[in-house]
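Undergrad: Kindly generate the corresponding structure for this input.
(2 chains)
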Amino acid sequence: MLVVFLVGLSAPCGQARSLAPSFEGSLGRGALPEVLKKYGGVYHLPVHKRLWVDEVFSRLVSVAQRDDLEYTLIVLDSLELNAFALPGGYVLITRGLVHAIGEDESKLAAVLGHEIAHVELKHGVNAVFRQMGLTVLVEVGMMALEVASADLLRMAGATLLQLLNLGWGREAEYEADLYGQALAIKAGFDGAGAVGVLDDFFLSSSEDLPMKVFRTHPDSIKRRDRLAANMVSFWATPVPIGDRDLLERLDAGRNSKQDERKSDPKDRYAVRIDQNQTGLEVFHQDEGRTVATERWLENARAKDFSWSPLGQYLAVLVDDDSQEQLWICDRRGQVVRIIPLPGKRVTDLSWSPEEKQLAINVAGPNGPEVLVTYAKADVLFSIGGEFSGDVSLWLDTGLYFAQGHTWYHTWGPQVTPVKIPSPVPRVLQRQRILSPQVIKEGNTIRLTRPSLTIP
Amino acid sequence: MARPLRVGKYKLGALITLSILVSVSGYVQAESFAFLDPAQLYSTFIPDGWVFQAHHSTTQLAVFYGEGEFDLLYFESLGETTYVSVKELAERSLDLYVSPGGLGEFRLERPLQAVNVAGQWGLACGYSYVDARGNHLNEYRVFLLLPGNEGFSIAVSSDQPSIIDGSFLGDILAHWRWLF
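TA: Below you'll find the predicted structure:
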């Protein structure tokens, strides 16, 4: 090994740099057959799923920095929930994880972005050399490796396979989390997908999940918290609004907002807070007539509520032992998530137009603050200490918030839905069993619709 | 619990429901009906014995079940595509159907041939394959590339081999109207 290193040092640097990626490629390529063997070989996804996964991967690769290697995506025929990367650009994901992710492109982008980040940052090859005691090689980069012998490659390959079960190390995982999240956002995906993946597949208490995904990834709670807190770094610095017309529109919006957000946008329900008891009184409407009544959130002391613009969610402000909480409910009154706001008093709420996010204006010991959260993902961050507001309006152009008469404008990263550029028609088959699945949710029974089988 | 749908409020559900209009005009059989695409792209005639599957349909996909256990009729809008010709759309589709992850034991029974659907030229073919349950199925499909490079497909499938000659679609295509 020492000989290899010394010979390597005498090589011209320029040549060495151009050859280094080929060593990474050889290392990854060499380990690939073993990995395929261990995980059941290559799995061919159904055509439409494949096109969708390929498009997500392609968008991520298009914003990757390294142009000295080609990225390859391989789906493994394993039901285990796992994904990893090999040096040289090989990104592997199990069919089990693809299936578990379902149709959430932000989660798929988070997983693939994380693995691409390992390759971009050379975590695999660096970890191999560290493990082999060749730290000097790591420090001088890949310069010595153009003369890599077959022996070195073989040893490195064996080490790589050992390390695959252990991971590339804690710091490498943290680094790949943040790099992968940034990559996903740059490619037009929602960065909250990374938090959702950890919540769903690692921190979830569901007994249905094998709990193996990212088993090699340490400190999952710390990782998800870092990813959630990092979301604010992708938001634009708020700027004060000087446009007089816009200011007038914002002030008008502020005045009309209180009434608008109380109405169910689809006229299905009339909701009011029960002043005597806890919970909400819900009146089912038909052509303006009440046809049935029920109570939602019976054990909650509701103070205020706000429908999302498309009527999918209801945000309810709840007083829980002098601590305010925000409960996000679905359109049937089932609680999706509870956001505790210790020491804070909510002054205003504003849903994003696509109703995925929610701005919460709070007053606390440190003055007013603007928080941003998600309807479904457990993400909550402050827009920034020096910017505050007691009222907000979320329009198509971004989030506007005001303190007194001064309005500020900020906006998050743009999310672009996946669109297959060259789609092909589906080939459908008839469903034999059309019986819906019955799901009990508390006192409510929900029926699912059967789905079509696609190739 | 849920109240009835109202026109103009719930685009998909209401339009699908209201677009299944029973036609009593002279040339249409008693139990057939006119179908108006919820996205207002086309309208056509659905023959007797075919039932619209609202729960399997979307704004891009309209699905009908026939009387036979495997009888299936469906129209799919692919939205804007990057294809430069309908030939490219059809050939890529067939390439993917035959590829790993595509259709089992795929066999092209009738090669692509030109077809005119209400003034739009497309390509049609017939093929057979075996589904995941081992059923031998036959399908006739029309590929179209509409103005604005919008991909579109009309397909009918059955366990009956005669479906792949395309004659079943005769009445449906004869009554086809594009609404753009």
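Undergrad: give me the number of residues near A:T444?
TA: Neighbour count of A:T444, defined by other C-beta atoms under 10 Å in any protein chain shown: 12. No exception for glycine: its C-beta is placed from N, CA and C like everyone else's.
Undergrad: again, but for B:G104
TA: So B:G104, with other C-beta under 10 Å, has 12 neighbours.
Undergrad: Ok, the one 3 residues further on next?
TA: The tally of other residues near B:R107 (other C-beta under 10 Å) stands at 12.
Undergrad: Let me see the contact set for it.
TA: Shown in contact with B:R107 (C-beta atoms under 8 Å, 6 or more residues apart in numbering or on different chains): B:Y127, B:S128, B:Y129.
Undergrad: now, which of those residues lie close to chain A?
TA: Contacts with chain A within the contacts of B:R107, as defined by C-beta under 8 Å from any C-beta of the partner chain: B:Y129.
Undergrad: what about the helices in chain B?
TA: Taking DSSP state H to define them, one finds helices in chain B at B:11-19, B:86-98, B:170-174.
Undergrad: if we can go back for a sec, and of the contacts of B:R107, the nearest to chain A?
TA: Nearest to chain A out of the contacts of B:R107 is B:Y129 (C-beta to the nearest C-beta; 7.7 Å).
Undergrad: before we move on, the earlier item: comparing the helices of chain B, which gets the lowest mean pLDDT score?
TA: Here the lowest mean pLDDT among those goes to helix B:11-19, at a mean of 43.
Undergrad: For the residue most central in space within chain A, which non-adjacent residue is closest in space?
TA: Central residue of chain A (C-alpha atoms, centre = their mean): A:G193, 0.8 Å from the mean position. Nearest non-adjacent residue to A:G193, counting by C-beta to C-beta, 6 or more residues apart in numbering or on different chains: A:S106, 2.8 Å away.
Undergrad: And for A:L326?
TA: By the measure of C-beta to C-beta, 6+ apart, the closest residue to A:L326 outside its immediate chain neighbours is A:I339, 4.3 Å from it.
Undergrad: Name the nearest residue to B:Q53, ignoring sequence neighbours.
TA: Closest residue to B:Q53 apart from its sequence neighbours, by C-beta to C-beta, 6+ apart: B:V63 at 4.3 Å.
Undergrad: what is the one you found paired to in the beta sheet?
TA: Taking DSSP bridges as the rule, B:V63 bridges to B:Y74.
Undergrad: can I assume it is in contact with B:H56?
TA: Yes. B:V63 is within contact range of B:H56, at 4.3 Å (criterion: C-beta atoms under 8 Å).
Undergrad: Sketch out the low-pLDDT regions of chain A for me.
TA: A:1-21, A:134-149, A:202-218, A:255-261, A:277, A:385, A:432-437, A:449-455 (pLDDT under 70).
Undergrad: Go again with 50.
TA: Low-confidence segments of chain A, defined by pLDDT under 50: A:1-19, A:139, A:143, A:146-147, A:206-217, A:452-455.
Undergrad: and it, which of its residues are near chain B?
TA: Counting by C-beta under 8 Å from any C-beta, the residues of chain A lying close to chain B are A:44-47, A:49-51, A:266-268, A:284-287, A:291-292, A:419, A:421-431, A:449-453, A:455.
Undergrad: Look up the closest residue to B:D71, ignoring the ones flanking it.
TA: Distances taken as C-beta to C-beta, 6+ apart put B:S158 closest to B:D71, at 5.0 Å, once the chain neighbours are dropped.
Undergrad: burial count for A:L371?
TA: 20.
Undergrad: go on, A:A363?
TA: A count of nearby residues for A:A363, using other C-beta under 10 Å, gives 15.
Undergrad: Pretty sure it sits against A:V391.
TA: No. The criterion here is C-beta under 8 Å, and A:A363 misses it with A:V391 at 11.4 Å.
Undergrad: shared neighbours of these two, which are they?
TA: A:T347.
Undergrad: where's stretch B:135-151 relative to the chain centroid, distance-wise?
TA: In terms of C-alpha atoms, centre = their mean, to the nearest Å, the centre of stretch B:135-151 is set 7 Å apart from its chain centre.
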